[in-house]
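Student: Model the following, please.
(one chain, ligands or ions: 1)
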Amino acid sequence: MDPVEKNGVIDRWVKKHLVLYTGATRHPFILSIRDGTIDFSSFKRWLWLAVVMGIWLTGQDYIFVREFVPFSASVLLKASKNSDDNSDMEVILSGLASLSDEISWFKQEAAKWDVPLSDVIVHKSNQNYCRFLESLMLPAVEYSVVFTALWAIETVYQESFSHCLEDGSKTPPELLEACQRWGSEGFCEFCCSLKKIANRCLEKAPDEELKKAEVTFLRVLELEIEFWDMSHGGPK
Ligand SMILES: Cc1ncc(CNC=O)c(N)n1
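Tutor: Purely as a prediction, here's the structure:
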């Protein structure tokens, strides 16, 4: 593939796999937070459900994030060894710093709702996702491949939650704080930095590696959809 054609790999992939991408970033769970698409008689019940599901997913997300931290650290390690740009490390490090903040927030939320995080039972979909992260932590997995995963994981959350904050959304106030965590301007800029780095790495990647990164991108989208799907399965 000639270099011009490789430009903006990420945008090309998003366009090519738009159905799956939209499936992850506009999942019915997210749309139900945003739209309040319900008849008014059941509004209270819906609000209650949304809040309960939000809290339950928070417990699952806490478990996910505890696996996502070592994954991000493994990307950092690869950056220190393979990257030709020193600023990659700073971007990854800032991501790790916000994960530290996020873990404290999860604990605080759990205390507020009186749900002990130590008792959370890991859902099968979440377990699959954590296993996938583990497989990416192996030293042999290329920097461009893991970076694509990092970009995709963060961006699905950013796009989903910023959608819940757009004008006209009817997000329950109890969930606003969660939405602001990932829907904020700052997190959006962070995802943009991730995208630039991912594009830079992918432009230089040999075709074989590029194929692997694309498959990894699709796997993240599927796993994110399955993560949201837990909201109608409930605790299992
Ligand atoms: C399932 C999932 N995907 C992405 C994120 C966002 N990254 C870190 O917080 C998250 N918390 N959980």
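
Student: hmm, the host helix or strand of V215 touching the ligand?
Tutor: Assigned by DSSP states H and E, V215 belongs to helix 207-233. Yes - judged by C-beta under 6 Å from any ligand atom, helix 207-233 comes into contact with the ligand at 224, 227. C-betas here are computed from N, CA, C, even on glycine.

Student: Okay, buried residues for that helix please.
Tutor: Burial within helix 207-233, assessed by neighbour count using 16 or more other C-beta atoms under 10 Å, is assigned to 209-210, 212-214, 216-221, 223-228, 230-231.

Student: On the pLDDT front, check the closest residue to the ligand within the chain for me.
Tutor: Residue of the chain nearest the ligand, by C-beta to the nearest ligand atom: Y157 (3.8 Å). Looking at Y157, its pLDDT is 95.

Student: Excluding residues flanking it in the chain, which one is nearest it?
Tutor: Spatial nearest neighbour of Y157, excluding adjacent residues (C-beta to C-beta, 6 or more residues apart in numbering): W182 at 4.4 Å.

Student: Which residues are in contact with the one you found?
Tutor: 157-158, 160-162 (C-beta atoms under 8 Å, 6 or more residues apart in numbering).

Student: Can you tell me how far it is from L210?
Tutor: To L210, W182 is 28 Å away according to C-beta to C-beta, to the nearest Å.

Student: With K16 instead?
Tutor: Distance from K16 to L210, by C-beta to C-beta: 13 Å.

Student: what residues does whichever strand or helix holds F132 touch?
Tutor: Applying DSSP H and E as the criterion places F132 in helix 124-136. Helix 124-136 is contacted from outside by 60, 63-64, 67-68, 70-71, 74, 122, 141, 145-146, 149, 216, 219, 223, 226-227, 229-230, 233, 236, using C-beta under 8 Å, 6+ apart.

Student: what inclination does that helix have with respect to helix 207-233?
Tutor: On the basis of axes from the mean of the first three to the mean of the last three C-alpha atoms, to 10 degrees, helix 124-136 is oriented at 160 degrees to helix 207-233.

Student: What residues sit buried inside helix 124-136?
Tutor: 125-126, 129-130, 132-133, 136.

Student: and what of stretch 169-184?
Tutor: Within stretch 169-184, the residues scored as buried using 16+ other C-beta under 10 Å are 169, 171-172, 175, 178-180, 182-183.

Student: Closest one of those residues to S104?
Tutor: A178 (14.1 Å; C-beta to C-beta).

Student: isn't that closest one right up against I55?
Tutor: No - the criterion here is C-beta atoms under 8 Å, and A178 misses it with I55 at 9.6 Å.
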